[in-house]
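In: I need the structure of the sequence given here:
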Amino acid sequence: MLDSQRTATKALKNAVSYYGYSLNDEANLLLVGRNRRDSNEIMRSIFGLEFPIDSIRKYARQLFYEYVKDDGIPIKTGLLKLLDFLDEKNISTAVATSTNRDDCIANLDKCNLTNRFKIIVCGDEVALGKPEPDLFLKVSELLQVAPKFCVVLEDSYAGIRAAQSAGMIPIMVPDLIEPTDEIKSLAHIVLPSLNEAKLEIENLICD
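Out: Predicted structure coming up:
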């Protein structure tokens, strides 16, 4: 929904560099869509147990909010039209994000989007993060909608794997990473933007 990944990546890379390490693009892509706990483990596996992850996280968060204070957080093309359409059709909407709740709400508030969603479930509120299905299954439970009737919009490999594992309908709208053959096989469809996602959801409703 939000074009925040590039800014978050910039903040994390600069924080890692500040502490004398280097996070390359290949390593960074391993973190996309993962919750903080899992991301921390991935970085420790890359840099070692002495990697000052807590200090780096704190500094990266500071940098992120300095960047968005100046530049804002862009909303992805087609999001507002999609949300308006879903409201018109009385279709419940939810956020299932690997981001922790404090940061998630801060980001949504900054874009005036928090009240557009009936349910928000965050990475620090479930036992296992994506690619495990816990986040999506929790949303399904709270919405009281069976997983097979839930459409998931995702831009990460971990998210597509989690949605497929939950028995939902995964639609990938790529951002930083293009889908592999494996991800294409797991996704219901891969689309270039949320504009096309709106049309696909309309088709699913009609079916």
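In: how distant is the lowest-mean-pLDDT helix or strand in the chain from the center of its chain?
Out: Counting by mean pLDDT, DSSP states H and E, the weakest-scoring helix or strand in the chain turns out to be helix 25-29, with a mean of 88. From the chain centre to the centre of helix 25-29 is a distance of 16 Å (C-alpha atoms, centre = their mean, to the nearest Å).
In: stretch 9-29 too?
Out: 19 Å.
In: can you check stretch 84-98 too?
Out: Worked out by C-alpha atoms, centre = their mean, stretch 84-98 lies 15 Å from the chain centre.
In: quick one: end-to-end length of it, please.
Out: 24 Å (C-alpha to C-alpha, to the nearest Å).
In: contacts made by it with the rest, please.
Out: 1, 33-36, 83, 104, 108, 116-123, 129-130, 135-136, 138-139, 142-143, 145, 152, 158-159, 198, 201-202, 205 (C-beta atoms under 8 Å, 6 or more residues apart in numbering). No exception for glycine: its C-beta is placed from N, CA and C like everyone else's.
In: so which bits of it are buried?
Out: Residues F85, L86, A94, V95, A96, T97, S98 are the ones in stretch 84-98 that count as buried (16 or more other C-beta atoms under 10 Å).
In: what do you get for stretch 6-17?
Out: Those would be T7, A8, T9, A11, L12, K13, N14, A15, V16, for stretch 6-17 by 16+ other C-beta under 10 Å.
In: run a quick neighbour tally on N203.
Out: Using other C-beta atoms under 10 Å, N203 has 10 neighbouring residues.
In: now swap in I169 and tell me
Out: 20.
In: that one and L153 touch, don't they?
Out: No - using C-beta atoms under 8 Å, I169 makes no contact with L153, being 9.8 Å away.
In: so where's the longest helix in the chain?
Out: helix 53-71 (DSSP state H).
In: for that helix, what is the average pLDDT?
Out: Average pLDDT, helix 53-71: 90.
In: stretch 80-96 now?
Out: 95.
In: ends of that stretch, what's the gap?
Out: 18 Å.
In: so what's the residue count around F149?
Out: Quick note: F149 (other C-beta under 10 Å) scores 12 neighbours.
In: mind starting the numbering at 15 from now?
Out: Renumbered: residue one is now 15, and that last one reads F163.
In: from K24, how far off is it?
Out: F163 is 38 Å from K24, where distance means C-beta to C-beta, to the nearest Å.
In: by contact count, what packs against the longest helix of the chain?
Out: helix 19-32, helix 50-61, helix 115-124 (3 or more C-beta pairs under 8 Å, 6 or more residues apart in numbering; DSSP states H and E).
In: can you give me the angle the last one makes with helix 19-32?
Out: In other words, helix 115-124. 130 degrees (axes from the mean of the first three to the mean of the last three C-alpha atoms, to 10 degrees).
In: what pLDDT, on average, does helix 115-124 get?
Out: Computed over helix 115-124, the average pLDDT equals 91.
In: what does that helix contact?
Out: So helix 115-124 is in contact with 16, 18, 75, 79, 82, 86-87, 109, 111, 113, 128, 131, 134, 136, 138-139, going by C-beta under 8 Å, 6+ apart.
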